[in-house]
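K.L.:
Here is my input; please provide its structure:
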Amino acid sequence: MRQFKRVAAAALFGSLGVAMAGLPAIVPAARAQAPAPAASGLLAQGEYVARASDCVACHTAPGGTPFAGGLPFALPMGTIYAPNITPDAQTGIGKYTEAEFARAVREGVRRDGASLYPAMPFPSYARMTDADIHALYVYFMQGVKPVANTVKASTIPWPLSMRWPLIGWRMMFAPSVKDAQAKSARSFADPVLARGAYLVEGPGHCGACHSPRAITMQEVALTSADGTRFLAGGGSVDGWIPTSLRGENRTGLGRWSEDDIVEFLKAGRIRRGSAFGGMSDAVGHGTQHLTDEDLHAIARYLKALPPDDTTQTPWTYDATLATALHAGDVSARGARTYVDSCAACHRTDGQGYPTVFPPLGGNPVVMDKTPDSLIHIVLTGDILRATHDAPSAFVMPGFAGRLSDEKVADVVSFIRKAWGNNAAPVTAQDVARVRKSLPKEEGEAPLPLN
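P.N.:
Here you go, the predicted structure:
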C-alpha cells in the first residue's frame, strides 16, 4: 500500500554499509514462457489477490496507468521509483517466469538476481500460498495490459546505490518462504481466524505500516506469534503515524466492534472515525473490494489481538470544555482557534457529524502518544474519498498558510485535552518539525480509486 512507501530503506545502507563481501552470485532462472490462456475464474482470483495485496497503490504514479510504475519513494539519501509491473517485455515484467515472479514477490529478488529494496513488503508476501502466487502471476500476465514505460533511475548516489548489501538484510530479517508459510499455517481453532491471520500477515501486509521497526528498518514482529509489538503502531510514514490495530482502549481498536472494522474497511468511514492519508488508498484500491467473509475474518483476527499497552485507562467522555464553549468561554489555550476553524464540522462537543466529519472526542489518532498525524492533517488537510459504499467525497482544508506554528500547537493541544482525550500537549517546535518533514509532493492529486 502506498502509505509504507518511505519506511523500509531509509536507514538501511547506513547500517549495512559496504562491509559485506564474498557472497555467492545469484543466477537468474530460465527465460519466460507465456502461460496457457487462463480460465476467467483464475484471472478473477488473481485480480482479487492483487486487490488484497494493494499492488496498484505503490506501482501507479499519480495520473499514470495502473501498475506502470514511476511512483517516487523519497528517502533521505535519494529517491527510488516503483517499477513497472505490467507484462511489457522491455520495461515491465513480461519476461518473468512464474518462478522468477514468485521469487521477486516472496523473497525480494529480481529476475537479474539483484535484491529489491524492502519498500517492497516481501517479508509479508513470503506467507502467500503457491495458489495465490500462481493466480497473481496469471492475472498480471494475461489480465493486465502491457504498458511501455521506462521508470526513472534511482537518484541514490554510489556507493549507497549498491544493492548487494541488501542480501545481508534479507538473510537477517526476511523469513524464508518455508519458515513464513509454516508460521502462517499455525493452528487456529477458528478457521475464520486462520483466514484473517493469513490476509493480515500475508497479502494485506498490514504490519508494513502498523508495526514498529528497528533501527535497521525491519519490522520488529511479522506475525501475532512474534509478540504484542505486532501491529502495535508504526513509525512515521509520509508524515503520518499509523495507529495500533490491537486492543488498546484509547489508542487502538479496543472500543471498536468487529462490525465497525468491517464497515471501515468497506466504506473508509464509520461513526468512530474516517480513513485519511495512505489508509485511504488501502481502502479505495484494496479492502473495499474484498468479500464480506474476508473482511469479517480480518476484523475477527484484529479483535483477537490483546493490547500491547495494558496501562491505558479507558476513555470516557468529559463535557467540561464542551460546556465552556457552549457558554462562550474560549479562554482555554487553543479554544478560540478551534471555534473559528474547526467547530463548524467537528462541533464544540467534539462529536463531529459521523461518516461525514469524524469525531475528535475518543479518536485514537487524536490520543496517540505521538501527535504527528493530528498536526499533519491540520497543516495540510485531507480528502475523505468516495468508495462504493460511501460515494460522497468531503474535503478538509489545510491551515498551513493560515495558522502559525504557535496557533497550530494551541489548537492541537486543545483537541488532545478536550472531551476526555487527556493527551499530552504539543509545542510550536513539534509543529515546525512536522511542517518541515512533510513530503515535497504533499497536496498532489490522489490516485483515482478503481
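
K.L.:
Next secondary structure after the helix or strand harbouring Val56?
P.N.:
Assessed by DSSP states H and E, Val56 sits inside helix 55-58. Using DSSP H and E, the next helix or strand after helix 55-58 towards the C-terminus is strand 72-75.

K.L.:
now the helix holding Val56, how far from the centre of its chain.
P.N.:
11 Å (Cα atoms, centre = their mean, to the nearest Å).

K.L.:
the strands in the chain, which residues?
P.N.:
Under the criterion DSSP state E, strands of the chain are mapped to 72-75, 78-81, 269-270, 273-274, 382-384, 394-396.

K.L.:
Can you pull the poorly scored residue ranges out of the stretch 351-450 of the chain?
P.N.:
Scanning the stretch 351-450 of the chain with the threshold set as pLDDT under 70 gives 439-450.

K.L.:
just the chain next, same as before
P.N.:
Using pLDDT under 70, the flagged stretches of the chain are 1-38, 439-450.

K.L.:
Can you name the residues that contact the residue of it most remote from its centre?
P.N.:
The C-alpha centroid of the chain is most remote from Ala327, which lies 41.3 Å away (Cα atoms, centre = their mean). Contact analysis of Ala327 by Cβ atoms under 8 Å, 6 or more residues apart in numbering lists nothing. The way it works is simple: take the backbone N, C-alpha and C, and place the C-beta from them, glycine included.

K.L.:
and the strands of the chain, which is most packed in?
P.N.:
Of the strands of the chain, the one with the most neighbours on average (mean count of other Cβ atoms under 10 Å) is strand 273-274, at a mean of 26.

K.L.:
residues in contact with Pro83?
P.N.:
59, 69, 92-93, 151.

K.L.:
do Thr150 as well
P.N.:
Taking Cβ under 8 Å, 6+ apart as the test, what Thr150 contacts is 84, 91.

K.L.:
Relative to Ala82, how far out is it?
P.N.:
According to Cβ to Cβ, to the nearest Å, Thr150 stands 13 Å off from Ala82.

K.L.:
What of Ile156?
P.N.:
From Ile156 across to Ala82, the span is 14 Å (Cβ to Cβ).

K.L.:
Looking at these two, which is more packed in?
P.N.:
Taking neighbours as other Cβ atoms under 10 Å, Ile156 and Ala82 compare with Ala82 leading, 25 against 18.

K.L.:
Check the gap between the residue lying closest to Gly247 once chain neighbours are set aside and Pro76 for me.
P.N.:
What sits nearest to Gly247 in space, not counting adjacent residues and going by Cβ to Cβ, 6 or more residues apart in numbering, is Pro307, at 4.3 Å. Counting by Cβ to Cβ, the separation of Pro307 from Pro76 is 33 Å.

K.L.:
repeat for Ala335
P.N.:
38 Å.

K.L.:
Which one's more surrounded, the two?
P.N.:
Ala335 (20 against 11).

K.L.:
check contacts around the more buried one.
P.N.:
Neighbouring residues of Ala335 by Cβ under 8 Å, 6+ apart: 321, 324-325, 329, 414.

K.L.:
Name the nearest of those residues relative to Ala99.
P.N.:
Phe414 (57.3 Å; Cβ to Cβ).
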